[in-house]
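Student: mind looking at a prediction? Sequence and model below.
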Amino acid sequence: MPATAYLLLGSNLGDREHQMDKARTLIAKDIGAITQTSPVYETEPWGYNDQPTFLNQAMEVSTALSPQELAKRLREIEGVIGRSERAHRYGARQIDIDLLLYGSEIIHEEGLVVPHPRLHLRRFVLVPLSTIAPDTMHPVFNKPITQLLDACEDRLGVTLHDAV
């Protein structure tokens, strides 16, 4: 039976729109059906400010992949699009795809933590996610995404992106 996973796309280098389009195409081909997408947001960088702004978009995906296989395939898609593992942890990148939630599962393994451990601290994640999954419960905090957004202390800018 397929699981519902929530992902976050991010890009702040090169042709950001093209890279996000390519990521969506590869996700639909290799991961599963994209059942919802948030609007695209222009967001200030989090954790390392000396870099261009990001485009971010949340998506809901129906997948038959296990969380481990899903995470592996997401890294492969990032590699195809051009993400370098040598980049600064919070630095600029052509594409970043984060696994935010996988059903109501809680996973702590080497190389995989679900839900994403910093999801609740970042407006650039919570704003797009709240547009497609406002009532989805965070399995660790037992609170809906909208409540996490209301309580989030991050004040970095998150605005709708005007596509060209």
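Tutor: Yes, it's here.

Student: low-confidence stretches in this protein?
Tutor: 46-50, 83-93, 163-164 (pLDDT under 70).

Student: okay, helices next: where are they in it?
Tutor: 16-30, 67-81, 123-132, 145-151 (DSSP state H).

Student: so which of those helices gets nearest residue 114?
Tutor: helix 67-81 (5.7 Å; CB to CB). C-beta coordinates here come from the backbone N, C-alpha and C atoms, glycine included.

Student: before we move on, back to that, hey, which of the helices of the chain is tucked in deepest?
Tutor: Most buried of the helices of the chain, by mean neighbour count (mean count of other CB atoms under 10 Å): helix 123-132, with a mean of 23.

Student: list the contacts of residue 82.
Tutor: For residue 82, the contacting residues are 14, 19, 94, 95, by CB atoms under 8 Å, 6 or more residues apart in numbering.

Student: let me have those residues in a markdown table, adding distance to residue 64 as columns.
Tutor: Below are the contacts of residue 82 laid out as a markdown table (distance: CB to CB, whole Å):
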| residue | distance to residue 64 |
| --- | --- |
| 14 | 32 |
| 19 | 26 |
| 94 | 28 |
| 95 | 23 |
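
Student: please pick the buried ones from those.
Tutor: Neighbour counting by 16 or more other CB atoms under 10 Å classes 19, 94, 95 among these as buried.

Student: closest to residue 79 among these?
Tutor: Closest to residue 79, out of all of the buried ones among the contacts of residue 82 and judged by CB to CB, is residue 95, at 9.3 Å.

Student: show me what contacts the nearest residue to the closest one once chain neighbours are set aside?
Tutor: Spatially, and ignoring its direct neighbours in sequence, residue 95 is nearest to residue 81 (4.3 Å; CB to CB, 6 or more residues apart in numbering). Residues near residue 81 by CB under 8 Å, 6+ apart: 19, 22, 23, 26, 94, 95.

Student: how does it look with 7 Å?
Tutor: Residue 81 makes contacts with 19, 22, 23, 94, 95, as judged by CB atoms under 7 Å, 6 or more residues apart in numbering.

Student: cool, residue 101 as well?
Tutor: With CB under 7 Å, 6+ apart, residue 101 has these contacts: 5, 6, 114, 115, 136.

Student: quick one: which of those sit in strands?
Tutor: Per DSSP state E, strands hold the following members of the contacts of residue 101: 5, 6, 114.

Student: ok so, going back, and of the contacts of residue 81, the nearest to residue 59?
Tutor: Using CB to CB, these come closest to residue 59 at residue 23, 9.4 Å.
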